[in-house]
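Novice: I would like to see how this sequence folds:
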Amino acid sequence: MTQVDSTQYELPPGGITLLGYIVRRMHKTEWLVHIPDLIAADNSEEALACVAMYAVRSATSFGPAFYQPRFNSPGDEVSEPDPETGALVRATLESSSPTYKISYSARMADGSLFTGSEEITGTIIGLRGLGMPAPSKFHFQSGSYSADLTGILTSELAFSLINRTRIRTHGFLNFTDNAGNTGTLNIDRNNKVRLGINEKPWPVDPFHVQINVL
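Specialist: This next block holds a predicted model:
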């Protein structure tokens, strides 16, 4: 899927609310499908890499910003299955003042559960565009395996006099799991991810982790 296709899905021509956009942004749960097999194969490092990649992909968009989604009211909730996996994705607006606080979840068909929250603390106007930092927390549970992730992901609207305004993200995540693994992830404005597990670089491209179930 190209970046244009991705944001066109997240921001469909008929319009969408902020929570609807977040739910569609999270429709990338194919990252989580193989985790039970990886855990069964005692490959917790790769499982953690998949959780981290889903966390960053589910929390970010890259491509044309076709329009501003409509705002929701506190207490609103939107849910919609991921058409690729059937995972039920849900997002709730916890509060809108003094900051936007949003919680969300993705429940896989096998019972695995990804949950998260972000707090949009405000906007920063700079030479690179309009930035919206969001301190974020994530948790993933699959059977007895669990992982926790924290960091700050800043969504940014990059304005252009020639082309359409674009949405992008930069930031970082730190994470651990209950198998003793630790890791870090950084994403830049060019959609390039650098991922390390147990202080070792982990090979990724912008859209896929190589799944090796042993």
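Novice: the strands in this structure, which residues?
Specialist: 63-64, 77-81, 88-95, 100-107, 113-120, 124-126, 129-142, 145-158, 166-177, 182-187, 193-197, 200-202 (DSSP state E).
Novice: quick one: strands adjacent to the fourth one?
Specialist: Translated: strand 100-107. strand 88-95 (antiparallel), strand 113-120 (antiparallel) (DSSP bridges).
Novice: the last one too?
Specialist: Strand 200-202 has the following sheet partners, assigned by DSSP bridges: strand 193-197 (antiparallel).
Novice: buried set for the partner strand?
Specialist: Applying a neighbour-count criterion of 16 or more other Cβ atoms under 10 Å, the buried positions in strand 193-197 are 193, 195, 197. (Glycine included, C-beta is placed from N, CA and C.)
Novice: tell me what the worst-scoring helix or strand of the chain on mean pLDDT is packed against?
Specialist: Within the chain, no helix or strand scores below strand 124-126, which has a mean of 75 by mean pLDDT, DSSP states H and E. The helices and strands touching strand 124-126, judged by 3 or more Cβ pairs under 8 Å, 6 or more residues apart in numbering; DSSP states H and E, are strand 129-142.
Novice: can I get the strand it packs on in CSV? Just the C-alpha atoms.
Specialist: Output of strand 129-142 as CSV, limited to C-alpha atoms (Å, rounded to 0.1, in the frame of the first residue of the first chain):
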residue,chain,number,x,y,z
GLY,A,129,5.3,22.5,10.1
LEU,A,130,2.7,22.1,12.8
GLY,A,131,3.7,19.5,15.4
MET,A,132,1.4,17.7,17.9
PRO,A,133,3.5,15.8,20.5
ALA,A,134,1.7,12.8,22.0
PRO,A,135,3.2,11.0,25.0
SER,A,136,2.0,7.4,24.5
LYS,A,137,1.8,4.1,26.4
PHE,A,138,1.1,0.7,25.0
HIS,A,139,0.6,-2.8,26.4
PHE,A,140,0.4,-6.2,24.6
GLN,A,141,-0.8,-9.5,26.1
SER,A,142,-0.8,-12.8,24.3
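Novice: any buried residues in it, and which?
Specialist: By neighbour count on 16+ other Cβ under 10 Å, the buried set for strand 129-142 is 129, 131-140, 142.
Novice: same question for stretch 73-86.
Specialist: For stretch 73-86, the neighbour count (16+ other Cβ under 10 Å) marks 76, 78, 81-82, 85 as buried.
Novice: now do the contacts for the nearest residue to I16 once chain neighbours are set aside.
Specialist: Nearest non-adjacent residue to I16, counting by Cβ to Cβ, 6 or more residues apart in numbering: P69, 5.3 Å away. Contacts for P69 (Cβ atoms under 8 Å, 6 or more residues apart in numbering) come out as 11, 15-18, 20-21.
Novice: gap between P69 and T99?
Specialist: 17 Å (Cβ to Cβ, to the nearest Å).
Novice: need the contact list for T92.
Specialist: Residues in contact with T92, defined by Cβ under 8 Å, 6+ apart, are 19, 75-77, 102-104.
Novice: so which of those residues is the closest to A52?
Specialist: Y104 (16.6 Å; Cβ to Cβ).
Novice: with adjacent residues omitted, what lies nearest to the closest one?
Specialist: Nearest one to Y104, counting by Cβ to Cβ, 6+ apart, is A91 at 4.1 Å.
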